[in-house]
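Trainee: Sequence and predicted structure below; questions after.
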Amino acid sequence: MKQRIQTINNLLKNAGTSLYNKDYLLTWEQPLDMVKATVELARAMRDMYREGSDLSLFKSGLAVSQFRDNSTRTRFSFASACDLLGLAVSDLDEQKSQIAHGETVRETATMISFLTEVIGIRDDMYIGEGHSYMVEVGKALDESYERGVLPIRPGIVNLQCDMDHPTQSMADLSHLVTRFGGFDGLKGKKIAMTWAYSPSYGKPLSVAQGTIALLSRFGADLTLAHPKGYELMPEIMDMSHAFARESGGSFTVKNSMDEAFKDAVVIYPKSWAPMQVMEERSRLLRKGDKDGLKELEKHALALNAEHMDWEADMKKHALTDNALYMHCLPADISDVSCKHGEVSAELFEKYRLDTYEEASYKPFVIAAMIFLTRMKEPTRVLTQLLDRTPRHVYP
Amino acid sequence: MKQRIQTINNLLKNAGTSLYNKDYLLTWEQPLDMVKATVELARAMRDMYREGSDLSLFKSGLAVSQFRDNSTRTRFSFASACDLLGLAVSDLDEQKSQIAHGETVRETATMISFLTEVIGIRDDMYIGEGHSYMVEVGKALDESYERGVLPIRPGIVNLQCDMDHPTQSMADLSHLVTRFGGFDGLKGKKIAMTWAYSPSYGKPLSVAQGTIALLSRFGADLTLAHPKGYELMPEIMDMSHAFARESGGSFTVKNSMDEAFKDAVVIYPKSWAPMQVMEERSRLLRKGDKDGLKELEKHALALNAEHMDWEADMKKHALTDNALYMHCLPADISDVSCKHGEVSAELFEKYRLDTYEEASYKPFVIAAMIFLTRMKEPTRVLTQLLDRTPRHVYP
Amino acid sequence: MKQRIQTINNLLKNAGTSLYNKDYLLTWEQPLDMVKATVELARAMRDMYREGSDLSLFKSGLAVSQFRDNSTRTRFSFASACDLLGLAVSDLDEQKSQIAHGETVRETATMISFLTEVIGIRDDMYIGEGHSYMVEVGKALDESYERGVLPIRPGIVNLQCDMDHPTQSMADLSHLVTRFGGFDGLKGKKIAMTWAYSPSYGKPLSVAQGTIALLSRFGADLTLAHPKGYELMPEIMDMSHAFARESGGSFTVKNSMDEAFKDAVVIYPKSWAPMQVMEERSRLLRKGDKDGLKELEKHALALNAEHMDWEADMKKHALTDNALYMHCLPADISDVSCKHGEVSAELFEKYRLDTYEEASYKPFVIAAMIFLTRMKEPTRVLTQLLDRTPRHVYP
């Protein structure tokens, strides 16, 4: 473990920046070595936890969570990570709080932060707003910290915004790094991120966007596939192309699931809504236009229904190089959670426990993100934690 | 205290089984000595707490609670127990989580458990489902633990199901054991568990069932009384008869509160719904049939109203051998919380603080259940805790 | 810091009473030296926290919060304070608990308290009820503690009632004491607590009442100003007059914001509803009379609208002696959070960070209140905390 901490230390040095007193919002804002350090830190903490280490870094301190959308996995991952580090989670529930956009964002950010170490935010419902909201909260924290009102600058951890889903994409990457024996194991491997049919609508684009913007940085042969009309945000597409070039890999876009699957070693079939639908939905939600939302749902489901053949099944899997199936969960499983969905029951069942393992990295990715935003000298502290007596009284 | 721990150790040895990495769901699944060990552990921890012991066993870890029905007492008992042991409670709120039965139960069980030590579940609304649900969750945890996805096998603690209410029945038993100077103090004592009139409907059967299935195991002269039509589940009746025979006690069923109270030393008058009403209610709830539910309520209240004389009052209490009045709370108290209820104001007031004391065991019963499912060598750990510095900084 | 603790110790001795095993409900129930000790303790703990002290007093224990009204600031202040001291917050949500007034208040108070150190209650909606409710809970705790059912007597902390808002008023006082270099710094200073126009209705009177009843005790020249019809509770007015006389200060009532601001060094413009409106509102809320509430709102807003000129702006501020602007937040800011409000955008912006600093004392005032109700020898314990290793593992 000491050697792994040394590796993390080198990555952090090479990154040439520090996240201390800053926010962890988008993976593409971070130097590649910072992303690698995060993933290696998450994997190291996961192993330390499994070996019984006591990682309670803080003796007290709040971790504020703000979920502007339903969540089970991320909610529990955040709660687990914070508890592991010694922080108490306090939920900022907008229903109980009468918070709105505008002046109050700035004010509320400070009001909840007097003894707070981290703020985790999920805000993925409104295209063009989630990330902006987090930036706005961050600026408010900066001001209050600089002016001495806050003794601590809490770090913001992006638990999913309209653009990126870094806790998911870095958990996925941790899973792949473990499977392929390191970051270099991804070089030249064909990875297929594809749209898949779903009988529900309004799924955010951020899982797909986060995946391509992250996995394009490791020299893989990355393929994105979706039906026409389901394009991702252009700036994220551009960035992924540039990343792929830089990393010596490739980034290809197809309009066929079969072509994407062909010879892939990793497949990630996952539904998302057309961007135009999400934008229209944001507009209608803001207006509170229920009839409009119903119309939109009807229209979006009809669009989806034209692509019911975008289901990952054993036959399509046979086209791959025995690919690892990935999903952020919950998946729409045909004949299980719905009649027709993203994946056939047989294929899902074959990789079900793999998807659980994939998910198991998320609490530790969050813990690593908190660690990096709150610790001035992360590896020095990690070494100290290593020397502690174990987490449990019992042997 | 060391001697009491020795007693617990002997009981655990005699039980011949271990709850480590298992679930605590129904008292009747446990050998008698395991039940005794649980009660003695709860009583020991209660005393240790009162003497200022530091019982924070875990340095971190989640305790997940899932309440599929409203709750104050059990909610706070669970929160208290978990906090005492060093665990942070995180509530699995189905409204915020979009969880349903089916595939997702298995998946969710794992998703919430990556750093979790215990899961407390209350699911008492649907006859035939609550216990099954807990078993289903347990199987999912087993699989994920065996396959290495979960590093820890969280223990499930039944916080009330359709069949049993073990945290209540063992708290009640702890209260009785303290009052009667040990388990043997119950031998030959007449205990009356009786139905009582309530102006509300749909109360679960599990308190009555848990009580008879537990108290029949200690050689008492146990009497169950209820109006015709208010029978309990046949398999639990059969089991209670068998337990009574085994233990050298008796188990009698009457249709008269007076007869049950006659010469009793303990009375437990508490309302429950007819099983048929509960089954019909489950069916209607599942269908979301609001009109049907209103009809059923009317019918059930009319049934109850035929037995308004099933109220425990001073006159009926005079038939007893100065019996201790017990209730799981809240009671329907005539002229206080309702016009006509389970118990008269005068009788309740006489034993009000006794019922509070009865309730005071519940957090420690839950703590004991967690202790037994999570500790491989419970008494060795308990001895260690005994040697710690006290819980408070202050003297 | 040792010297400051010595000062607190002297104040506590002079107060001649102890809050140990009692409740902290109204500042005017406390001797002046107890209030001073609370403020000095809060300021000391704030500084200790900022210097990295570990103030986790308790190794375990629940802190129950009960919010009968929406809250962000106080909710997070309470959560922060409890976490700082080592307590886990558990929310008593009446929606999830089916709690009502009457018998159940007494019972519930005990049921949630078996391992509880503090209960924080906000109950400011119903004139004549909030404070009474807290007293009722306190009596129940006394009984259960005296009868041995509760091993600990949890302290109740008033997080705002119908009469007083002590966590706010003592946070405000802490802010002033820091600004003016001690309690004596308030002597002879003109402080203006004034009503201000708001486009919303139903704001509680307790901020204004808490302020005048507290600040009148320090020899200041206190002025209260409001339009006719917006009088505060007569008993609190009488008390404030008496306090002002005793302390060698003055207490004047005006019906003009300009006159109140004239030469003031502190201004506190803040809206509240007419007491009659609040009483009528309580009556209608209890009846669930939605139409009546709508009518009342219309009427109350029309009343407010007659006094739209009660807005604190730069022109009015020019009348003051460069006064410090105070507010409990959130303020109704003209052209920011509403069209016309309590304060102009320019004036608010000038003092925005001052109001944040004002708010920053609240968690520590709450921590001090808990400290005093739970510690038998507060200053001895505080000295012990001072000698601990710091709060964080990291340097």
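Mentor: Cool, the structure landed.
Trainee: Please identify which helix or strand holds A:A63.
Mentor: strand A:62-67 (DSSP states H and E).
Trainee: typo on my end, A:E246
Mentor: Per DSSP H and E: helix A:234-247 holds A:E246.
Trainee: Return the set of buried residues in the helix or strand that comes right after that helix.
Mentor: Using DSSP H and E, the next helix or strand after helix A:234-247 towards the C-terminus is strand A:250-254. Residues of strand A:250-254 classed as buried: A:250-251, A:253-254 (neighbour count, 16 or more other Cβ atoms under 10 Å in any protein chain shown). No exception for glycine: its C-beta is placed from N, CA and C like everyone else's.
Trainee: Let me know the closest of these to chain B.
Mentor: Nearest to chain B among the buried residues of strand A:250-254 is A:K254, at 29.9 Å by Cβ to the nearest Cβ.
Trainee: residue contacts, that closest one?
Mentor: Applying Cβ atoms under 8 Å, 6 or more residues apart in numbering or on different chains, we find A:K254 in contact with A:223-225, A:260.
Trainee: so A:Q160, which of the three states?
Mentor: strand (DSSP: H, G, I helix; E, B strand; the rest coil).
Trainee: Go ahead and confirm A:K316 touches A:K262.
Mentor: No - under the criterion of Cβ atoms under 8 Å, A:K316 makes no contact with A:K262, lying 9.6 Å away.
Trainee: Which one of the two is surrounded by more residues?
Mentor: A:K316 (23 against 16; other Cβ atoms under 10 Å in any protein chain shown).
Trainee: Excluding sequence neighbours, find me the nearest residue to the more buried one.
Mentor: The shortest distance from A:K316 to any non-neighbouring residue, by Cβ to Cβ, 6 or more residues apart in numbering or on different chains, is to A:F261 (5.3 Å).
Trainee: Model confidence score at the one you found, please.
Mentor: If you check A:F261, the pLDDT there is 98.
Trainee: Kindly report the same for A:T389.
Mentor: 83.
Trainee: How much space separates it from B:K59?
Mentor: A:T389 is 9 Å from B:K59, where distance means Cβ to Cβ, to the nearest Å.
Trainee: Return every residue with contacts to both of those two.
Mentor: A:D54.
Trainee: okay, the two: which has more neighbours?
Mentor: B:K59 (19 against 10).
Trainee: Distance check, that one against B:A368.
Mentor: 20 Å.
Trainee: again with A:A225
Mentor: Counting by Cβ to Cβ - A:A225 and B:A368 are separated by 55 Å.
Trainee: Neighbour count: the two, which is higher?
Mentor: Each of A:A225 and B:A368 has its neighbours counted (other Cβ under 10 Å); B:A368 has more, 30 against 23.
Trainee: I figured the more buried one hits B:A42, correct?
Mentor: Yes - assessed by Cβ under 8 Å, B:A368 is found in contact with B:A42 at 4.1 Å.
Trainee: Check the closest residue to chain C within the stretch 251-395 of chain A and give its pLDDT.
Mentor: Proximity of the stretch 251-395 of chain A to chain C (Cβ to the nearest Cβ) peaks at A:V381, 4.8 Å away. Per-residue confidence (pLDDT) for A:V381: 91.
Trainee: That one and A:I370 touch, don't they?
Mentor: No - the criterion here is Cβ under 8 Å, and A:V381 misses it with A:I370 at 12.0 Å.
Trainee: what pLDDT, on average, does stretch A:367-377 get?
Mentor: pLDDT averaged over stretch A:367-377 gives 96.
Trainee: Pull the residues that contact it.
Mentor: With Cβ under 8 Å, 6+ apart, stretch A:367-377 has contacts from A:18-24, A:34, A:37-39, A:41-42, A:45, A:55, A:57, A:63, A:81-82, A:84-85, A:87, A:117-118, A:155-157, A:166-167, A:378, A:381-382, C:394-395.
Trainee: Looking at strand pairing, list the partners for A:A63.
Mentor: A:V89, A:V118 (DSSP bridges).
Trainee: quick one on the thing from earlier: touching, the residue nearest to A:K316 and A:I267? I think so.
Mentor: Yes - between A:F261 and A:I267 there is a contact under Cβ under 8 Å: 5.8 Å.
Trainee: Pull up the overlap in contacts between those two.
Mentor: A:192, A:194, A:312, A:317, A:320, A:323.
Trainee: wait, what's in contact with the fifth one?
Mentor: Spelled out, it's A:T320. Taking Cβ under 8 Å, 6+ apart, one finds A:192, A:261-265, A:267 in contact with A:T320.
Trainee: for A:G229, same thing?
Mentor: A:274, A:303.
Trainee: Confirm that it sits in a helix.
Mentor: No - applying three-state DSSP, one finds A:G229 to be coil, outside a helix.
Trainee: Helix, strand or coil: sort out the residue of the stretch 201-350 of chain A found nearest chain B for me.
Mentor: As assessed by Cβ to the nearest Cβ, chain B sits closest to A:V336 within the stretch 201-350 of chain A, at 4.7 Å. When classified by three-state DSSP, A:V336 comes out as coil.
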